[in-house]
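>>> give me a model of this one.
(chains A, B and C)
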Amino acid sequence: MGRRKTSGIHLVAVVNRLREENVKTRLRGLHLSIVGALVLGVASSASAQDIVGLITKTEGNPFFVKMREGAAQKAEELGLEFQSFAGKYDGDNEGQVAAIESLISAGAKGFAIVPSDSSAIVPTIQQARDAGLLVIVLDTPLDPIDAADATFATDNRKAGKLIGQWAAAKLGDDAANAKIAMLDLATNQPTVDYLRDQGFMEGFGVDVKDPNRYGDEDDARICGHEMTGGNEDGGRTAMETLLQKCPDINVVYTINEPAAAGAWEALKAAGKDDGSVLVVSIDGGCPGVENIKAGIIGATSQQYPLKMAAMAMEAIAEFAKSGTKPMVDSELGFLDTGATLITDEAAEGVESISTDEGMALCWG
Amino acid sequence: MSGEAVNVTMQTTVQATVLPASGQSPAEPILYARGLVKRYGRVTALDHADFDLLPGEILGVIGDNGAGKSTLIKALCGAVTPDHGEIFLDGRPVHFRSPMDARDAGIETVYQNLALSPALSIADNMFLGRERRKPGFTGKYFRRLDRSTMQKEARRHLSSLGLLTIQNINQTVETLSGGQRQGVAVARAAAFGSKLVIMDEPTAALGVKESRRVLDMMLDVKRRGLPIVLISHNMPHVFEVCDRIHIHRLGRRIAIIDPAAYSMSDAVAIMTGAMKPPEQMAA
Amino acid sequence: MTSTVEGPGRQGPADFERVLTEADAAVASFDEDEKTLLKRVQHFLHEHPTAVPFIVLVTGILLFSALVGDRFFAPFNLSLVLQQVTIIGVVGIAQTLIILTAGIDLSVGAIMVLASIMMARSAVIWGVPVEIAFPLGLLVGTLCGFVNGALVTYMRLPPFIVTLGTWSIFGALVLWVSRSETIRQPDIAAEAPILQFTGTALSFGGARLTLGSILMILLAVVIWYILNRTPFGRHVYATGDDPEAARLAGINTDRTLLAVYSIAGFICAIGGWVLIGRIGAASPLAGQTANLDSITAVVIGGTSLFGGRGSIVGTLVGALIVGVFRNGLALYGLDNLWQEFAIGVLIIVAVTLDQWIRRISA
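Predicted structure coming up:
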């Protein structure tokens, strides 16, 4: 879900270059296509299976693991040959570039991708489209969004708005004097990062100024923005730092549930795990929903990676069969796969479902 | 040419005793080797080479590049195992499989590159690989270094060789001059060598003053009863301190000469084949 | 008057050498009076390499105390910084050992996370009693280190390449063992609370010290003792400084390296334990930057990447410097990217200084 923290050393660049080779998680595209071609050449069976691909950000995040599993299952149902790839870490653009190139040379009909760097990957996406592949972007829209044939994503802004509205409603009049900690993803503000952040602020009632950038606001209620890298460790350190800046924080926005879990440890250490602080997050993974049950997270916006992946496979299958590209909502620019607010403390005027219902829909 | 003819007849006599420098009665060599052969592929580095080192002497070993003297020395200090031939230490045959074996047998070597660790202190280097641990509990169970004893002994060994100019025994070796480093290496060999010391080109990289100091150190070591094998290209130095000079050529010893009886140019001539080696001095 | 150098007879010192008897008897003396202030500083730093990082740390603390004030210079905040650098400190101790042998280990982070996953998953999901699960994690870490060591010594592969590969391999093992799932804090608290033990904190005088930080300091003391007070420690330095000289001195450099890498793996596993204490959970997402952060701490702490010189204390100071700068800049309100910038500058300065200090010669 964005770029992880990088140290300013040249070594990182060197290492990254060297790791371009180390990308694929499952079936090796090139080997398989060669083997596949041989097999197909030998066996005179029916038409070769169409190849479809999925490229996620990293295998470490269960969100993407579930996405892959859903896609694999759907592809099998549709009789497609499935190849999946993942970057080495959140932010690994080069790994995804290599994956796309593999798919192009393997002759895939199309692929779905969750871009690690929503602008840097655009030229390679164009390359794929020029080669006739259908490109569907999942979860994190490209910058510009129409660089893809279609985008199936959570409306991240809406997801943020839901939790922002919930938090404001929960506080009621006190929302006017709240002290908000913003635990974001990364310094380079990928789309998922700023969409969720700004969505939350809009929902809470903060003037966002430029809606495509965070940090430019001047609302005194915002304590500050700290980067978490989307994991527990980063979440804890970011929370500690903001608590040092503003000991009276009572609202914590987090980019995802692992970051929220880390933030919780910091709150606990500061003795603020007594319900005086509202922690909100986005994702809706099963561990996250369980954390809501446990009182660690107040509310989360659940998103549906399996749905995204399945829809993408269907779209590519259709394209392979008839050449028709999926319809795109011209106003929104992408197909909203939905976000639902999950909480056990429903707030006035904000629609939500309970954690039990959330558990039935959760992933991971 | 004629040199080779002489050598053939000489080869058949295997002697355990060798005529020492002028006048003295025959002595049992402390280290001797007979018929050493070492081949590297098609190159024969040692061609039935002999070697003798008498107790209490400084033996110079000279030979042109490619004569095989470095291979000979490597065989003696355990860095190389000869294909054929025997080496005897104190009259008993020895087979060194590594420099450690030679060291354990009492042969210390001062290598050309000194084998000192630049970042470690003088005391650390003196005892590298043979560190002393504190007696008693902390030494046995916590393996605690006995630094004070090692420093004391290091200081003692250095000053016994006149290396008083090194002020701080804990300064790192890289802060020392070439001559001082050589001094530390020599002191280390003299401290632990119980049978003999081999010195490989000790003055090669040193200036005039420092070379002088090293030569004086070698004489000190000899005075203490430790024989020295000195490999060197520096004729004046060899002729100055050595009691006998072993001349190596074409993979074997072709002569042992008394520096008092021969000139440096004679030695060079024998070494390069321009002059026939004297009969009675050939092994 | 001139005696020929070529004549027969045992030669004494040649003419040109006889002159030396009148010359200065000292082979080499330190020209103390000639040393400029700069040279003096260089020599001092050569003797005490940890001085520079220490000065930088103190300067940093003073700087941010002035800029930010009480919020920075409070016992609570300073102890917070200590907590924040504890994991990198522990992993840094392992990295220091390896860098002292002129090696480098890119897989330390992966080993740490693998050990933490192993401990937690076996205790919580596989139902293994924590008395076995915990040592199991430590064993896994040590084995990973051993693998690194074996590849470096017996296959004679450069450590950078070996650990680049094992970084990926151990990372893949992390994903495989964990199934990309995080073991949540409440679950660990219920099944095996001892795994979160290092997160327990002691409060006194406004400061808050976790047992993890105390463990880090204890570990540093033990490793310091091994490096400076035992023969093995001398062998580690010698192996890194000049492996050929070490070998000729009778040191088994292969065995030394194998031991160093294995010990490092064990320490990384301890780091995994500290990680669980800090984030409460065992997560495959954690520790992504640990390897580079540990190298940063080691380098800023004055240990040379070329081996043979450096100290554990330096690494801890290096880790603290990074923590102080990150914390100070964040409290001061500067954008995150300036933290990265500052760390980068500190590294360049540290390495440049190290080069300058090394250039010392008599």
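>>> quickly check: whichever strand or helix holds residue C:62 near chain A or not.
Here residue C:62 sits within helix C:51-68, counting by DSSP states H and E. No: applying Cβ under 8 Å from any Cβ of the partner chain, one finds helix C:51-68 out of contact with chain A, separated by at least 9.4 Å. From N, CA and C alone the C-beta is placed, and that goes for glycine too.
>>> any idea which helix or strand comes after that helix?
Along the chain past helix C:51-68, the next helix or strand (assigned with DSSP H and E) turns out to be helix C:75-100.
>>> distance from the chain centre to that next one, please.
Offset of helix C:75-100 from its chain centre (Cα atoms, centre = their mean, to the nearest Å): 9 Å.
>>> low pLDDT regions in the chain?
No chain was given, so I picked chain A. A:1-47 (pLDDT under 70).
>>> oops, I was thinking of chain C
C:1-35, C:360-362.
>>> tell me which residue of it lies closest to chain A.
Closest to chain A within chain C is residue C:344: 2.8 Å, counting by Cβ to the nearest Cβ.
>>> from residue C:337, how far off is that residue?
11 Å (Cβ to Cβ, to the nearest Å).
>>> the residue positioned nearest the centre of chain B bridge partners, please.
Nearest to the mean C-alpha position of chain B, by Cα atoms, centre = their mean, lies residue B:198 at 1.5 Å. Counting by DSSP bridges, residue B:198 is bridged to residue B:109, residue B:229.
>>> identify the residues contacting it.
By Cβ atoms under 8 Å, 6 or more residues apart in numbering or on different chains, the contact list for residue B:198 reads B:73, B:76-77, B:107-110, B:228-229, B:231.
>>> can we see that at 7 Å?
The contact partners of residue B:198, by Cβ atoms under 7 Å, 6 or more residues apart in numbering or on different chains, come to B:73, B:76-77, B:107, B:109, B:229.
>>> also residue B:69?
Contacts of residue B:69 (Cβ under 7 Å, 6+ apart): B:61, B:63, B:231, B:248.
>>> what helices or strands is the helix holding residue C:62 leaning on?
With contacts taken as 3 or more Cβ pairs under 7 Å, 6 or more residues apart in numbering or on different chains; DSSP states H and E, helix C:51-68 sits against helix C:312-332.
>>> at 8 Å instead, please
Other helices and strands packing on helix C:51-68, by 3 or more Cβ pairs under 8 Å, 6 or more residues apart in numbering or on different chains; DSSP states H and E, are helix C:37-47, helix C:312-332, helix C:336-358.
>>> surely residue C:74 and residue C:206 touch.
Yes: Residue C:74 is in contact with residue C:206 according to Cβ atoms under 8 Å; the separation is 6.6 Å.
>>> neighbour-wise, which of those two wins?
residue C:74 (15 against 11; other Cβ atoms under 10 Å in any protein chain shown).
>>> for that one, phi and psi?
With angles defined as degrees, to the nearest 10, residue C:74 sits at phi -90, psi 150.
>>> just residue A:334 next, same as before
Dihedral angles for residue A:334 - degrees, to the nearest 10 - are phi -150, psi 170.
>>> residues near residue A:137, how many?
Residues within reach of residue A:137, counting by other Cβ under 10 Å, total 26.
>>> again, but for residue C:286
Other residues close to residue C:286 by other Cβ under 10 Å number 30.
>>> can you confirm it is in a helix?
No: under DSSP: H, G, I helix; E, B strand; the rest coil, residue C:286 falls outside any helix and is assigned coil.
>>> what sits against it?
So residue C:286 contacts A:231-233, C:113, C:116, C:275, C:279 (Cβ under 8 Å, 6+ apart).
>>> tabulate the residues you listed (TSV), appending distance to chain B, neighbour count and secondary structure.
Formatted as TSV, the contacts of residue C:286 follow (distance: Cβ to the nearest Cβ, whole Å; neighbours: other Cβ atoms under 10 Å in any protein chain shown; DSSP: H, G, I helix; E, B strand; the rest coil):
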residue	distance to chain B	neighbour count	secondary structure
A:231	39	27	coil
A:232	39	30	helix
A:233	35	27	helix
C:113	33	30	helix
C:116	31	33	helix
C:275	30	31	helix
C:279	35	30	helix
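>>> can you tell me which two in those residues are farthest apart?
Using Cβ to Cβ, the contacts of residue C:286 span at most 12.8 Å, a distance reached by A:231 and C:116.
>>> which stretches of the stretch 151-300 of chain C form strands?
Ranges of strands in the stretch 151-300 of chain C, per DSSP state E, counting those that start in this stretch, are C:201-204, C:207-210.
>>> same thing with chain B?
Per DSSP state E, chain B carries strands over the ranges B:31-40, B:43-53, B:58-63, B:84-89, B:92-94, B:107-110, B:196-200, B:228-231, B:244-249, B:252-257.
>>> quick one: those as CSV, columns for mean pLDDT too.
CSV is the format used below for these (pLDDT from 0 to 100):
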stretch, mean pLDDT
strand B:31-40, 91
strand B:43-53, 91
strand B:58-63, 93
strand B:84-89, 92
strand B:92-94, 92
strand B:107-110, 92
strand B:196-200, 93
strand B:228-231, 94
strand B:244-249, 92
strand B:252-257, 90
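>>> save the ones you listed as JSON lines, and put in distance to residue B:167 too.
Formatted as JSON lines, the strands of chain B follow (distance: least, Cβ to Cβ, whole Å):
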{"stretch": "strand B:31-40", "distance to residue B:167": "37"}
{"stretch": "strand B:43-53", "distance to residue B:167": "36"}
{"stretch": "strand B:58-63", "distance to residue B:167": "30"}
{"stretch": "strand B:84-89", "distance to residue B:167": "38"}
{"stretch": "strand B:92-94", "distance to residue B:167": "41"}
{"stretch": "strand B:107-110", "distance to residue B:167": "23"}
{"stretch": "strand B:196-200", "distance to residue B:167": "25"}
{"stretch": "strand B:228-231", "distance to residue B:167": "28"}
{"stretch": "strand B:244-249", "distance to residue B:167": "38"}
{"stretch": "strand B:252-257", "distance to residue B:167": "42"}
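>>> of those strands, which is nearest residue C:237?
Taking Cβ to Cβ, strand B:107-110 is the member of these nearest to residue C:237, at 21.8 Å.
>>> give me the contact list for that closest one.
B:31, B:76-78, B:89, B:99, B:102-103, B:182, B:185-186, B:188-190, B:192-193, B:195-200, B:202.
>>> gap between that strand and the chain center?
On Cα atoms, centre = their mean, the centre of strand B:107-110 falls 6 Å from the chain's centre.
>>> quick one: residues contacting residue C:203.
Here residue C:203 is in contact with residue C:209 (Cβ under 8 Å, 6+ apart).
>>> oh sorry, the question was meant for residue A:223
Here residue A:223 is in contact with A:179-182, A:242, A:245-246, A:249 (Cβ under 8 Å, 6+ apart).
>>> if you set the cut-off to 6 Å instead, what comes out?
Contacts for residue A:223 (Cβ atoms under 6 Å, 6 or more residues apart in numbering or on different chains) come out as A:179, A:181, A:242, A:245-246, A:249.
>>> not counting sequence-adjacent ones, nearest residue to residue C:73?
Distance criterion Cβ to Cβ, 6 or more residues apart in numbering or on different chains; nearest residue to residue C:73, sequence neighbours excluded, is residue C:65 at 4.0 Å.
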